[in-house]
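*Asks:* The following comprises the amino acid sequence and a computationally predicted model.
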Amino acid sequence: MIWKILISLARLSLVLALFWMLFGRPGKRGSARILSNGRIEFAPDRIALWAYPLSIAYLFCLAVKALISSHGNPWDFFIPAIFVSFALQLLFLFSGVVVVSDDSLEKVYQFRKNRRILWTDIEEIETDKGRVWSSMVTVTGKDGTKIIHSPMLADRPRFLLELKRHCGEELPPDFPREPIDGL
């Protein structure tokens, strides 16, 4: 009896730790890397890089466990299907790396096609300034391409500074003016 309680507490601790690794720690995502060719890379930190595969593996394990304990009822396949769909969503929604260069803004993905917007093709910059949990910056190009700097990525103030540097005076009036540490 006590072992079941301890195992349940261990599972709950794992889920809370994964949630904290993925969505907690706002503002503590590290700094952007300056590459040798002058490009600036905004990548997820190492904790988020570990949390994604662990979360996907945990969801697949939950699906397998639910399949093993099913009794052959067609509805018993519904819960594992939900776990697998969440795992696949997490896999394909993994935040790619945003790369700033002299001529463009690019989002590099692991499992999807990369997106690129030239600085002259930027049509809209939207920031989630009013929301407490979100600090996303969405850049939209003339062709509808969107590049999102999510809270999973490093160094939001530096990203905003690069947008200001490359876009000049064509920024929206509500563009945030955040302090830049270390620059």
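*Replies:* Everything's here; your move.
*Asks:* Show me the strands in this structure, by range?
*Replies:* Under the criterion DSSP state E, the chain contains strands at 33-34, 40-42, 97-100, 104-108, 115-118, 122-127, 137-141, 146-149.
*Asks:* what does the fifth one rub up against?
*Replies:* By CB atoms under 8 Å, 6 or more residues apart in numbering, the list of residues contacting strand 115-118 from outside reads D103, S104, L105, E106, K107, Y109, V139, T140, G141, T145, K146, I147. Bear in mind the C-beta positions are built from the backbone N, C-alpha and C, glycine included.
*Asks:* roughly how far out does it sit from the chain middle?
*Replies:* 18 Å (CA atoms, centre = their mean, to the nearest Å).
*Asks:* for the first one, same thing?
*Replies:* Taking CA atoms, centre = their mean, one finds the center of strand 33-34 at 18 Å from the center of the full chain.
*Asks:* Which secondary structure elements does it sit against?
*Replies:* If you count contacts as 3 or more CB pairs under 8 Å, 6 or more residues apart in numbering; DSSP states H and E, strand 33-34 packs onto strand 40-42.
*Asks:* hang on, the earlier thing: deepest of the strands of the chain, which one?
*Replies:* strand 97-100 (a mean of 22; mean count of other CB atoms under 10 Å).
*Asks:* contact partners of that strand?
*Replies:* Against strand 97-100 from outside (CB under 8 Å, 6+ apart): 39-44, 105-108, 147, 149, 153, 159, 162, 166.
*Asks:* Let's see that with 10 Å instead.
*Replies:* Outside strand 97-100, the residues that touch it by CB atoms under 10 Å, 6 or more residues apart in numbering are 32-35, 38-44, 105-110, 114-116, 119, 137, 139, 147-150, 153-155, 158-159, 161-163, 165-166.
*Asks:* Pairing partners for it, with directions?
*Replies:* strand 40-42 (antiparallel), strand 104-108 (antiparallel) (DSSP bridges).
*Asks:* to the chain's geometric centre, what's the distance from the first one?
*Replies:* The one in question is strand 40-42. Using CA atoms, centre = their mean, the offset of strand 40-42 from its chain centre is 14 Å.
*Asks:* doesn't E106 make contact with G141?
*Replies:* No: in this structure, G141 is not within contact of E106 by CB atoms under 10 Å, at 11.2 Å.
*Asks:* shared neighbours of the two, anything?
*Replies:* Once CB under 10 Å, 6+ apart is applied, the residues that G141 and E106 both contact turn out to be R115, R116, I117, L118, I147.
*Asks:* who's the first one bridged to?
*Replies:* I take that to be R115. Going by DSSP bridges, R115 forms beta bridges with K107.
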